[in-house]
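# Need a 3D model of the following:
(2 chains)
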2 protein chains.
Amino acid sequence: MTAPEPTGPRILEVRTKILKKNDELAREMRRGFERAGVLVVNMVSSPGTGKTSFLRETLARLVAQGAPVAAVVGDLETDNDARRLAESGAPVRQIMTHGLCHLEADMVQRHLDGWDIPALHYLFIENVGNLVCPTSWDLGESVRLALLSVTEGEDKPLKYPGLFNTADVAAITKIDLATACEFDRATALANIEAVRPGMRVFETSAKTGAGLDAWLAYLAERRAALRPA
Amino acid sequence: MTAPEPTGPRILEVRTKILKKNDELAREMRRGFERAGVLVVNMVSSPGTGKTSFLRETLARLVAQGAPVAAVVGDLETDNDARRLAESGAPVRQIMTHGLCHLEADMVQRHLDGWDIPALHYLFIENVGNLVCPTSWDLGESVRLALLSVTEGEDKPLKYPGLFNTADVAAITKIDLATACEFDRATALANIEAVRPGMRVFETSAKTGAGLDAWLAYLAERRAALRPA
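Numbers count the residues shown, from 1 in each chain, chains lettered A, B, ... in the order given. Alright, predicted model coming up:
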């Protein structure tokens, strides 16, 4: 849920305080992660965009490279995604929100307990599937990734500018289905460019592996930038 | 956004009051709609499920039958969907929420102003694309329709039980893409059945028209039940 909300000053005041507390914790978490050289990626998309498949393939490639990596994944109910992601060989924990539509920084922090975080190179946070509410909640990430599948329609960036405005990078998923969906690539890219000029976009398929090498190279660059040699 | 939320008793109290006010208005709206013989359908799904295409085809068929019908459609930004829906020939209004993740009863009420509502047979409300937050907000509908596309994964009903629990009926969309997506129909139906035993499910394609006759027959039945002869 994002501000502003037409429900009067009282709820806005309460929400502002909660968001402020979240932001303070998230800033502190980010400082800790970046100082330790851990690149944290917060993945946001609609339900069904294919975040979990994208992340599973990302984790499997990083594990194969020998990079220390872990993930937490948010869902309202079920630990289906954590089980799917664990197939990659990386340690994964499920955050069940029991009805809440987004993750908050303290939920992430609690679920890292007992892990040797400074030993990691990468930590991925798969947010609850929702194009609106996660936008307002900083989770201490260094990279916010907005994902959009070819099945969703090319105008999502225009309809949900909040997400694309706050994202650092975007991925188009399921490009193996582009033809079957009559996906209009040029329009989708132009819409992303209109909302967030210059944002890097990876065109990917978890099924064929398309675009994933470029995505991994981007992650390595971003991580290297955390600790200039 | 749905309760319960782990942010303390104060925000819960505020939210409870707002929801109560919404529910009272929605109940009053529903009484008015039903007394006038207007079947109101609230359509809820993830962004990108194809609500707008499904609704455009529904409206076009009702217009062709000569049934008086209208629609309101919620989005954070843009009136793209209202323009797409108007191609059906039905009157359509866009509700722009400017960041809010769901529709509320008073937003719907305000956007009906000036329309001759009792003259309608059907009124459709296309909610903001979101599987979580719209669940808690009664809009005065008689039928809540949960939509799920074959591209989204079969476990959505298990991950978002709130929506499927509060829905009266479900539609699976984009079945023309089922093979390309390796959609597991039996599992999807079993998952819906597990969350909401006995719920009717329409398997549809806005592209081919599959399943839409059965859906229209269901609407006519439900409308007839509002005013027994």
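# residue ranges of the strands in chain A, please?
Counting by DSSP state E, the segments of chain A that form strands are A:39-44, A:69-75, A:92-96, A:122-126, A:143-149, A:169-173, A:200-203.
# Just tell me which of those ends up closest to B:Glu57.
Smallest distance to B:Glu57 across the strands of chain A (CB to CB): 21.7 Å, for strand A:143-149. All C-beta spots, glycine's among them, are computed from the backbone N, C-alpha and C.
# mean confidence score for the closest one?
Computed over strand A:143-149, the mean pLDDT rounds to 98.
# same thing with stretch A:189-208?
97.
# Also stretch A:115-126?
On average, stretch A:115-126 scores 98.
# Alpha carbons of that stretch, as PDB, please.
Extracted C-alpha coordinates of stretch A:115-126, given in PDB (Å, rounded to 0.1, in the frame of the first residue of the first chain):
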ATOM      1  CA  TRP A 115      23.300 -16.900   8.700                       C
ATOM      2  CA  ASP A 116      26.800 -15.700   8.300                       C
ATOM      3  CA  ILE A 117      25.800 -12.700   6.300                       C
ATOM      4  CA  PRO A 118      29.200 -11.000   5.800                       C
ATOM      5  CA  ALA A 119      30.400 -14.300   4.200                       C
ATOM      6  CA  LEU A 120      27.900 -13.900   1.400                       C
ATOM      7  CA  HIS A 121      28.500 -12.200  -2.000                       C
ATOM      8  CA  TYR A 122      24.800 -11.900  -2.800                       C
ATOM      9  CA  LEU A 123      21.500 -11.900  -0.900                       C
ATOM     10  CA  PHE A 124      18.200 -12.000  -2.900                       C
ATOM     11  CA  ILE A 125      14.900 -11.000  -1.500                       C
ATOM     12  CA  GLU A 126      11.900 -12.200  -3.500                       C
END
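# where's A:Cys101 relative to chain B, distance?
Going from A:Cys101 to chain B by CB to the nearest CB, to the nearest Å gives 4 Å.
# ok, that residue touching B:Cys101?
Yes - look at A:Cys101 against B:Cys101 with CB atoms under 8 Å: they come within range, at 7.0 Å.
# Figure out which of the strands of chain A is closest to B:Arg93.
strand A:143-149 (26.9 Å).
# which strands and helices sit next to the closest one?
Packed against strand A:143-149 by the contact rule (3 or more CB pairs under 8 Å, 6 or more residues apart in numbering or on different chains; DSSP states H and E) you find strand A:39-44, helix A:161-166, strand A:169-173.
# Mind putting the ones you listed into JSON lines with mean neighbour count?
Formatted as JSON lines, those follow (neighbours: other CB atoms under 10 Å in any protein chain shown):
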{"stretch": "strand A:39-44", "mean neighbour count": "25"}
{"stretch": "helix A:161-166", "mean neighbour count": "20"}
{"stretch": "strand A:169-173", "mean neighbour count": "24"}
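# Redo these as TSV? Include mean pLDDT and distance to B:Thr166.
Formatted as TSV, the helices and strands packed on strand A:143-149 follow (pLDDT from 0 to 100; distance: least, CB to CB, whole Å):
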stretch	mean pLDDT	distance to B:Thr166
strand A:39-44	98	25
helix A:161-166	94	26
strand A:169-173	98	29
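# Neighbours of A:Thr208, how many?
11 (other CB atoms under 10 Å in any protein chain shown).
# which one is it nearest to, not counting chain neighbours?
A:Asp176 (5.2 Å; CB to CB, 6 or more residues apart in numbering or on different chains).
# Repeat that for A:Arg227.
Nearest to A:Arg227 is A:Gly37, by CB to CB, 6+ apart, at 4.9 Å.
# what about A:Asn130, distance to A:Asp213?
29 Å (CB to CB, to the nearest Å).
# Those two: who's more crowded?
A:Asn130 (30 against 12).
# Might one say that that one is in contact with B:Asn130?
Yes - judged on CB under 8 Å, A:Asn130 makes contact with B:Asn130 at a distance of 6.1 Å.
# residues bridging contact with those two, i.e. touching both?
A:Cys101, B:Cys101 (CB atoms under 8 Å, 6 or more residues apart in numbering or on different chains).
# Okay, now the unreliable bits of chain A?
A:1-11, A:228-229 (pLDDT under 70).
# if we can go back for a sec, distance to chain B added to the helices and strands packed on strand A:143-149, as TSV?
Shown next, in TSV, are these (distance: least, CB to the nearest CB, whole Å):
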stretch	distance to chain B
strand A:39-44	12
helix A:161-166	6
strand A:169-173	10
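# could these be laid out in JSON lines, adding distance to B:Leu62?
Shown next, in JSON lines, are the helices and strands packed on strand A:143-149 (distance: least, CB to CB, whole Å):
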{"stretch": "strand A:39-44", "distance to B:Leu62": "36"}
{"stretch": "helix A:161-166", "distance to B:Leu62": "33"}
{"stretch": "strand A:169-173", "distance to B:Leu62": "35"}
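# A:Lys20: which of those is closest?
Among the helices and strands packed on strand A:143-149, helix A:161-166 sits nearest to A:Lys20 (CB to CB), with 16.7 Å.
# what's in contact with the closest one?
A:2, A:44, A:131-132, A:134-136, A:144, A:146, A:157, A:170, A:192, A:195-196, A:199, B:76-77, B:99.
# Closest to the centroid, which residue in chain A?
A:Met43 (0.8 Å; CA atoms, centre = their mean).
# how near is that one to A:Asp81?
For A:Met43, the distance to A:Asp81 - CB to CB - is 11 Å.
# quick one: common contacting residues for these two?
What both A:Met43 and A:Asp81 touch, as defined by CB under 8 Å, 6+ apart, is the set A:Glu126.
# Which helix in chain A has the most residues?
For chain A, the helix with the greatest residue count under DSSP state H is helix A:9-35.
# A:Tyr125 touches A:Val41, doesn't it?
In this structure residue A:125 is Ile, not Tyr. Yes - taking contacts as CB under 8 Å, A:Ile125 lies within contact range of A:Val41: 6.9 Å.
# In contact with the residue nearest to A:Thr208, which residues?
A:Ser205, A:Lys207, A:Thr208, A:Ala210.
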